[in-house]
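A.B. asks: Prediction below, plus the sequence it came from.
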Amino acid sequence: MSKGRLLVIEGLDGSGKATQAKLLASYLAESGRKVMEITFPDYESDSSALVKMYLSGQFGDKPDDVNPYAASSFYAVDRYASYKTRWGSFYEAGGIVIADRYTTSNAVHQCSKLPPEQWNDFLRWAFDYEYRLLGLPAPDAVVYLQVDPAVSQKLMTGRYHGDESRKDVHEKDIEYLARSRRAAEYCAEHLGWATVHCTENGAMRTIEDIQAEVRALAEKELG
Ligand SMILES: Cc1cn([C@H]2C[C@H](O)[C@@H](COP(=O)(O)O)O2)c(=O)[nH]c1=O
């Protein structure tokens, strides 16, 4: 039996990835396809222990306190565990997997710790490590949900109702988030990701409008 398909929804914090991934998975399931939705980090699993230590600041309270290769490894083994225990056999048997974040999040959030002239080397390493050495599937398509900086700032402020202490080490660091945005746009442009522009005139477009574009991209990929 031929292996399945992996569609990834990527975007910066607060871009609506979880909502769009869920809606896409339900839509594809209703259209009669075998679908599973997965999300990373896999906070429910013990395999995310190192990711949790990192995000809660136990290795240092700034993202840059943990070098991108170390941090990427934490997320990569979390994905490996999830693949082995949750979705690997479903995917291998031909199922469609919709991922809310994937290796592509290391491309965005870890790449941004390096100067731009080192990005290509880092990206080559990250993809080679996960897709070849660990044996995880490479995505068939990546949809990047692009949100204007001013709008995403507003969304992030609202998310924790002004309680800064609930933010993780990435979310607390505005300068790091700006760098991650630059890395995300670089990846979207150079790695063949499909960009969906989620903002219009300084506000988010409706969930339904964005979903219509996401579905069209998925349908094009799945045929
Ligand atoms: C899945 C994943 C997330 N991240 C980052 C993105 C977020 O800032 C943070 C936590 O993810 P979350 O906001 O989706 O809970 O971890 C990576 O750096 N690499 C990864 O592989």
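C.D. replies: Here it is on my side, so go on. Numbering: from 1, shown residues only.
A.B. asks: show me where this structure has strands.
C.D. replies: Listed in chain order, the strands of the chain (DSSP state E) span 5-11, 35-39, 96-100, 141-146, 194-197, 199-200, 203-204.
A.B. asks: Return the per-residue confidence for the residue positioned nearest the centre of the chain.
C.D. replies: Centroid check for the chain by CA atoms, centre = their mean gives residue 101 as the closest residue, at 2.2 Å. Reported pLDDT at residue 101 in the predicted model: 98.
A.B. asks: cool, residue 46 as well?
C.D. replies: Each residue has a pLDDT score; the one for residue 46 is 98.
A.B. asks: burial measure for it, as a count.
C.D. replies: Summarising burial for residue 46: neighbours were counted as other CB atoms under 10 Å, giving 9. Any C-beta I mention is one placed from the backbone N, CA and C, and that applies to glycine too.
A.B. asks: residues in contact with it?
C.D. replies: Applying CB atoms under 8 Å, 6 or more residues apart in numbering to residue 46 gives the contacts residue 81.
A.B. asks: run the last query once more with 10 Å
C.D. replies: Under the criterion of CB atoms under 10 Å, 6 or more residues apart in numbering, the contact list for residue 46 reads 52, 78, 81.
A.B. asks: just to revisit the earlier point, take the strands of the chain and write them to TSV, including mean neighbour count.
C.D. replies: Formatted as TSV, the strands of the chain follow (neighbours: other CB atoms under 10 Å):
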stretch	mean neighbour count
strand 5-11	25
strand 35-39	19
strand 96-100	25
strand 141-146	23
strand 194-197	18
strand 199-200	16
strand 203-204	16
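A.B. asks: ok, back up a step: among the contacts of residue 46, which one is most surrounded by other residues?
C.D. replies: residue 78 (22 neighbours).
A.B. asks: In this structure, what residue spans correspond to helices?
C.D. replies: Assigned by DSSP state H, the helices in the chain fall at 17-30, 49-55, 68-82, 88-92, 103-109, 119-127, 149-159, 169-172, 174-190, 207-222.
A.B. asks: and the ones you listed as JSON lines, adding distance to the ligand?
C.D. replies: Below are the helices of the chain laid out as JSON lines (distance: least, CB to the nearest ligand atom, whole Å):
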{"stretch": "helix 17-30", "distance to the ligand": "7"}
{"stretch": "helix 49-55", "distance to the ligand": "6"}
{"stretch": "helix 68-82", "distance to the ligand": "3"}
{"stretch": "helix 88-92", "distance to the ligand": "17"}
{"stretch": "helix 103-109", "distance to the ligand": "3"}
{"stretch": "helix 119-127", "distance to the ligand": "9"}
{"stretch": "helix 149-159", "distance to the ligand": "10"}
{"stretch": "helix 169-172", "distance to the ligand": "4"}
{"stretch": "helix 174-190", "distance to the ligand": "8"}
{"stretch": "helix 207-222", "distance to the ligand": "17"}
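A.B. asks: winner for burial among those?
C.D. replies: Most buried of these, by mean neighbour count (mean count of other CB atoms under 10 Å): helix 103-109, with a mean of 25.
A.B. asks: by contact count, what packs against that helix?
C.D. replies: For helix 103-109, the packing partners by 3 or more CB pairs under 10 Å, 6 or more residues apart in numbering; DSSP states H and E come out as strand 5-11, helix 68-82, helix 119-127, strand 141-146, helix 174-190.
A.B. asks: Against which helices or strands is the second one packed?
C.D. replies: Read that as helix 68-82. In this structure, helix 68-82 makes packing contacts with strand 35-39, helix 49-55, helix 103-109, helix 119-127, judged by 3+ CB pairs under 10 Å, 6+ apart.
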